[in-house]
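Participant: this one's sequence-less:
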């Protein structure tokens, strides 16, 4: 590195001290705390008893935890298909020369992603409401009163119903990201392809898709990370209910720790969430790595 | 090539192709307009519904109000038990402080990691990199324990600590990447002229880094203002509640009075909505840059 910039060590450490300490305090100290407490039986009182791996064995056999985990995976799947898939189709449409008001679509489409997940949850709770919800109102208007129901109490549908707001909220976000990736592609490529007789679908699959592959993979990664931590809108809409039908990992950890005051086992669940999220995110990265290598070779 | 080009030109002027194009154009525009409309509809619906009384709303949830009233807003703003005004102030303080510190620390650490050679450089780099990889949401319960044991929960600055810590990694890497692309000539010249490290840092480098610092600020304004789960576990004192928390309380209290809830939501959303629509271009650009590079 350069000679000219060699500040005194003291100065550098003084600058780094606060951010580093803050970061360690808020990230690594809690991690270790979770790990330590996960070996204790501790119901939030002053009494803590070491119980070895008991909590972990319980976690292994805890059907609610694994159900929550599967729900997280369900959200990931729905959102990858819904958010990125729909976003990609919308991008192809918006890129057409026939489309007007592109700026408006970008601004309006992106808007929901700037709103708090809590507010989005409330809005959709109102949409699904039995007496005053837009969904039941709409079914009434088209004469399908027979389909009206208390939507969020339907165990079979509830996961899909809580996934829809998530999809809706983030389509525009991914649309804008993909749009910006496409706008960096040389337009000549499209023109040449069009002249060579490639139709819109062919152009999308054989030209656009490979060129923005890396951006799409970034989107998939964001989507996976985002849905492994799903909490806010589920807390607002269903709190994991009815029963455990829409329970996700973060919600379960919260319930055990704060509603049941079981902080020892809650810590174990936190470690479980940590490990499972890391596995899913790391695993997906590994697969993505394989995919990109394969195509380059 | 030229020949082909003429051919397509001829093709495009065919009458059937023109009709086809017209139909396609209408279809594409219609789909996109519907999409945009659904994105903005909740805002519009909440706005005109908030001008209705509960009774009127329950009778007709979708129609425009015949006798618009601002009673809901009056009700909310005059009753200090709702904590909504206070929660907006809290959110403002927490967001402003957090964003300021994230930008400042992100800039300093990012710059030092990019330019200064010292033993721990790579160690710190990896440590902050891990911050981006660790699923931070799994810290919800343990962070509550740590803050409770250290007496840091339920203070006005409580939330600033995790928000800054969680925002730092991305900020550092955005700045670090940016600084690496800046030629070192300026700093060398400054050092030869006898400028101290700190002076170079703040008076020469900082102005150059303004674009990336703006990006960092934009991303974090929204995450801090909207953050809910950590606020939920770290703040018990109602007086300190941020907007998302106050909203969950409020809806719990007035679960069935939709117009009132809508009015409250619009009020608490208003700063972010106004901010977004006044500088949406910059915000979208910043968020995309942050997402793709981060």
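Facilitator: Okay, I see it. Treat the numbers as computed from the prediction; the structure is a model and nothing was measured.

Participant: so where's the chain shaky on pLDDT?
Facilitator: Because you didn't say which chain, this covers chain A. For chain A, the stretches flagged by pLDDT under 70 are A:1-5, A:293-297.

Participant: the chain in question should be chain B.
Facilitator: Flagging of chain B using pLDDT under 70 yields the residue ranges B:1-14, B:294.

Participant: for it, what's the longest helix?
Facilitator: Ranked by residue count and defined by DSSP state H, the top helix of chain B is helix B:15-49.

Participant: pull out the buried positions in that one.
Facilitator: Within helix B:15-49, the residues scored as buried using 16 or more other Cβ atoms under 10 Å in any protein chain shown are B:28-29, B:32-33, B:35-36, B:39, B:42-43, B:45-46, B:49. All C-beta atoms are positioned from the backbone trio N, CA, C, and that covers glycine.

Participant: C-terminal to that helix, what's the next element?
Facilitator: Going down the chain from helix B:15-49, the next helix or strand is helix B:54-59, by DSSP states H and E.

Participant: immediately after that next one, which helix or strand?
Facilitator: By DSSP H and E, the next helix or strand past helix B:54-59 is helix B:71-78.

Participant: how close does the closest residue to residue A:104 other than its chain neighbours get to residue A:150?
Facilitator: Distance criterion Cβ to Cβ, 6 or more residues apart in numbering or on different chains; nearest residue to residue A:104, sequence neighbours excluded, is residue B:36 at 6.2 Å. For residue B:36, the distance to residue A:150 (Cβ to Cβ, to the nearest Å) stands at 31 Å.

Participant: residue B:228 now?
Facilitator: Taking Cβ to Cβ, one finds residue B:228 at 25 Å from residue A:150.

Participant: which one of those two has more residues nearby?
Facilitator: Neighbours of residue B:228 and residue A:150, each counted by other Cβ atoms under 10 Å in any protein chain shown, are more numerous for residue B:228; the result is 22 against 13.

Participant: what sits closest to the more buried one if chain neighbours are left out?
Facilitator: Nearest to residue B:228 is residue B:244, by Cβ to Cβ, 6+ apart, at 4.1 Å.

Participant: what comes up buried for the helix or strand harbouring the one you found?
Facilitator: Element membership of residue B:244, judged by DSSP H and E, is helix B:243-253. Neighbour counts over helix B:243-253 (16+ other Cβ under 10 Å) mark B:243-251 as buried.

Participant: SS state for residue B:91?
Facilitator: Secondary structure state of residue B:91, per DSSP: H, G, I helix; E, B strand; the rest coil, is helix.

Participant: who are the contact partners of it?
Facilitator: B:225, B:242-243 (Cβ atoms under 8 Å, 6 or more residues apart in numbering or on different chains).

Participant: let me know the angle separating the helix holding residue B:244 from helix B:71-78.
Facilitator: Going by axes from the mean of the first three to the mean of the last three Cα atoms, to 10 degrees, helix B:243-253 is angled at 120 degrees with respect to helix B:71-78.

Participant: where exactly do the helices run in the stretch 51-200 of chain A?
Facilitator: A:54-60, A:63-79, A:86-94, A:102-110, A:117-128, A:134-141, A:158-183, A:187-195, A:200-202 (DSSP state H, counting those that start in this stretch).

Participant: what about the helices in the stretch 101-250 of chain B?
Facilitator: Using DSSP H, counting those that start in this stretch, helices in the stretch 101-250 of chain B cover B:121-133, B:140-149, B:160-180, B:185-192, B:197-199, B:206-208, B:210-226, B:229-234, B:243-253.

Participant: now render the ones you listed as JSON lines, adding distance to residue B:267.
Facilitator: JSON lines is the format used below for these (distance: least, Cβ to Cβ, whole Å):
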{"stretch": "helix B:121-133", "distance to residue B:267": "35"}
{"stretch": "helix B:140-149", "distance to residue B:267": "28"}
{"stretch": "helix B:160-180", "distance to residue B:267": "23"}
{"stretch": "helix B:185-192", "distance to residue B:267": "47"}
{"stretch": "helix B:197-199", "distance to residue B:267": "43"}
{"stretch": "helix B:206-208", "distance to residue B:267": "36"}
{"stretch": "helix B:210-226", "distance to residue B:267": "14"}
{"stretch": "helix B:229-234", "distance to residue B:267": "18"}
{"stretch": "helix B:243-253", "distance to residue B:267": "10"}
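
Participant: out of those, the one nearest residue B:82 is which?
Facilitator: Proximity to residue B:82 (Cβ to Cβ) singles out helix B:243-253 among those, at 6.1 Å.

Participant: so how far is the closest one from its chain's centroid?
Facilitator: Distance of helix B:243-253 from the chain centroid (Cα atoms, centre = their mean, to the nearest Å) equals 20 Å.

Participant: after that helix, which helix or strand is next? Please name it.
Facilitator: helix B:258-278.

Participant: now do that following helix and helix B:71-78, the angle between them.
Facilitator: 80 degrees.

Participant: what helices and strands are in contact with helix B:258-278?
Facilitator: Judged by 3 or more Cβ pairs under 8 Å, 6 or more residues apart in numbering or on different chains; DSSP states H and E, helix B:258-278 is in contact with helix A:117-128, helix B:15-49, helix B:54-59, helix B:71-78, helix B:84-115, helix B:210-226, helix B:243-253.

Participant: swap the cut-off to 6 Å and go again
Facilitator: Helix B:258-278 is packed against helix B:15-49, helix B:54-59, helix B:71-78, helix B:243-253, with contacts defined by 3 or more Cβ pairs under 6 Å, 6 or more residues apart in numbering or on different chains; DSSP states H and E.

Participant: which parts of the stretch 1-150 of chain A sit against chain B?
Facilitator: A:1-2, A:4-5, A:7, A:11-12, A:15, A:19, A:22-23, A:26-27, A:29-30, A:33-34, A:93, A:96, A:98-99, A:105, A:107-112, A:114, A:116, A:118-119, A:123, A:132, A:137 (Cβ under 6 Å from any Cβ of the partner chain).

Participant: buried only: go through these for me.
Facilitator: Buried among these by 16+ other Cβ under 10 Å: A:5, A:7, A:12, A:15, A:19, A:22-23, A:26-27, A:29-30, A:33-34, A:93, A:99, A:105, A:107-112, A:114, A:116, A:118-119, A:123, A:132, A:137.

Participant: quick one: contacts for residue B:95?
Facilitator: Residues counted as contacts of residue B:95 (Cβ atoms under 6 Å, 6 or more residues apart in numbering or on different chains) are B:224-225.

Participant: number of nearby residues for residue B:101?
Facilitator: Count around residue B:101 with other Cβ under 10 Å applied: 22.

Participant: which strand or helix spans residue A:41?
Facilitator: Using DSSP H and E, residue A:41 falls within strand A:40-42.

Participant: show me the contacts for residue B:110.
Facilitator: By Cβ under 6 Å, 6+ apart, the neighbours of residue B:110 are B:172, B:175-176.
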